[in-house]
Each structure stands twice: as structure tokens, then as C-alpha cells.
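J.: quick one, structure for this:
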Amino acid sequence: MRDESHVAAQERMALGAVVLAGCTALCVLGSLAVCGCEVNAFDPQKQPAKGHDTGIEEQDLGATGDPGTEDGGTEDGGTEDGAPGCTDPEALNYDPFATVDDGSCIFQTTVTFNLDMSCAKDAAAPQVAGGGTFGDPGDHPMSDPDKDGVWTLTYPVPAGLTTGYTFTSDACFDWSCKEDIAGQPCATEPWNDRALTMGSESITINACFWHCGAGLCAELEAEGYPWPECGGK
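T.: Numbers count the residues shown, from 1 in each chain. As a prediction, this is how the structure comes out:
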């Protein structure tokens, strides 16, 4: 025999499911007066802020509308007009991927030191050192192949470099054989080094150990340059 109460219960459950589904649909569509829908069922002014609670990862769109760029830029860091950088293959900082020269090219120059050691005739191996560019005594030895007392070193440096340097009479790692030019006009703080400022061209510096002035020892003496005894004393 059919159980009427059981059938009635099943029919009520089926009807409830239909009503529930209908209410859900109505709520999603924004009907506020049906089925007790929440007042904020759909309100554009009350939607979550971009990137929050949407389940969608936020992307920053540039001026072009493309993800991953800003202000109309490109993914490689360039612009719509091209990638800026140094386009000269002769430059030290040549960028093979640059298409627009931005004026940043740095070119190699050389500085040649000619050091007259007349005031240090017992010098074993004169050096260029110091200034944050030339390292310690022993890093950049000079040579005197013709044995005339003038020692030479040519060193590559970037154009526009500003640095300091000094001369030593040997590869003394304690700097005890460094020239003493304290109190002379070319001495710079804090170590009484000499100053070097490169332009866009290679240069040659003629110098006299223990003495300031542009020239070899005999040249400075002939020009009447203030001439302390050898040793800077």
C-alpha cells in the first residue's frame, strides 16, 4: 500500500528544491523583494576593489593596454621608439640590443706615465699605484728599457675618469717607498696623491719623482719650479 505521508514529504522536498533554485537565480539577478534576498545582492557600488575577492589575479596594464608594461613601454625596457643605450661597437659599454643611442657611450683612452727617477737613483722597480684605480705597489710596475732613468707605463682607462695616483720607488706593500709630496701644490687629500682627470683623448704625463709639476726633473728645474732637495726634504 502506498504511504501517503511519505509521498507528500517527497513532493514537498522536490518543491522546496525548485523554490530554492528559483530564489538563488532571482537573487543573482538582483531581485530584492523575492525570497528574502540580501539587500546587497548586486550593487555595482559595493563590489570588491580590483584584485580583491574576485578570484582573478590583478594585472597592471600600461598605456597600450598590454599587460606587463607601463606608460606604453615594451617588455624589454624600451619604448615604442626603440630600446635606448650605447649603439657604438667601439664603446666599452656597447649594448647590442640598443636601437636608440642615448649618449651614454664610454670610450677607452690611455694614460702614459713617464717618470724621471733622478731623485731616486737606487729605485729597484718604480710603480704607479693608489687612487682606487691603480691598486697597490706591485700591481702596475713601470719599465726603463733604455736605462735612461725615465720609467714608463701606459695604462688603459675610460674617457672621463677622475681618480688619484701616486708613484713608488719599488713594490713596497707597506707603502714605505711612496713619494712624499706633502705640502706641494699637486698633493691631494687625504694621502698626498696626485690627481688625474681624463678627457676624451689619450694623454701623456711627464713627472719627476718626489716633485710636483708637469715635466721631467731637468725640465722642472730649468723652468724655475720650486725645487726641494731630492726626497722632498
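J.: alpha carbons only for contacts and neighbour counts from here, please
T.: Fine.
J.: could you list the domains of the protein?
T.: With automatic domain parsing as the criterion, the domains of the chain are listed as 4-44, 51-106, 108-222.
J.: for the last one, what is the average pLDDT?
T.: Which is domain 108-222. Taken as a whole, domain 108-222 has a mean pLDDT of 93.
J.: and that domain, how far apart are its ends?
T.: Across domain 108-222, the terminal residues are separated by 35 Å (CA to CA, to the nearest Å).
J.: same thing with stretch 146-164?
T.: 28 Å.
J.: need the contact partners of it.
T.: Contacting residues not belonging to stretch 146-164 are listed as 92, 106-118, 121, 126, 128, 130-133, 140-144, 193-201 [CA atoms under 8 Å, 6 or more residues apart in numbering].
J.: for the protein, which segments count as helices?
T.: Using DSSP state H, the helices of the chain run over residues 4-29, 217-222.
J.: need the least confident one among these, by mean pLDDT.
T.: Considering the helices of the chain one by one, the lowest average pLDDT is found for helix 4-29, at a mean of 47.
J.: buried set for stretch 193-209?
T.: Along stretch 193-209, these residues count as buried under the neighbour rule (16 or more other CA atoms under 10 Å): Asp193, Arg194, Leu196, Met198, Ser202, Asn206, Ala207, Cys208, Phe209.
J.: contacts only, for Val130.
T.: Just to correct that, residue 130 is Gly rather than Val. With CA under 8 Å, 6+ apart as the criterion, the residues that contact Gly130 are Asp136, Pro137, Gly164, Tyr165, Thr166, Asp193.
J.: how about the strands of this protein, start to end?
T.: Across the chain, reading from the start of the chain, the strands by DSSP state E fall at 84-85, 100-101, 108-116, 127-129, 150-158, 162-168, 194-197, 203-208.
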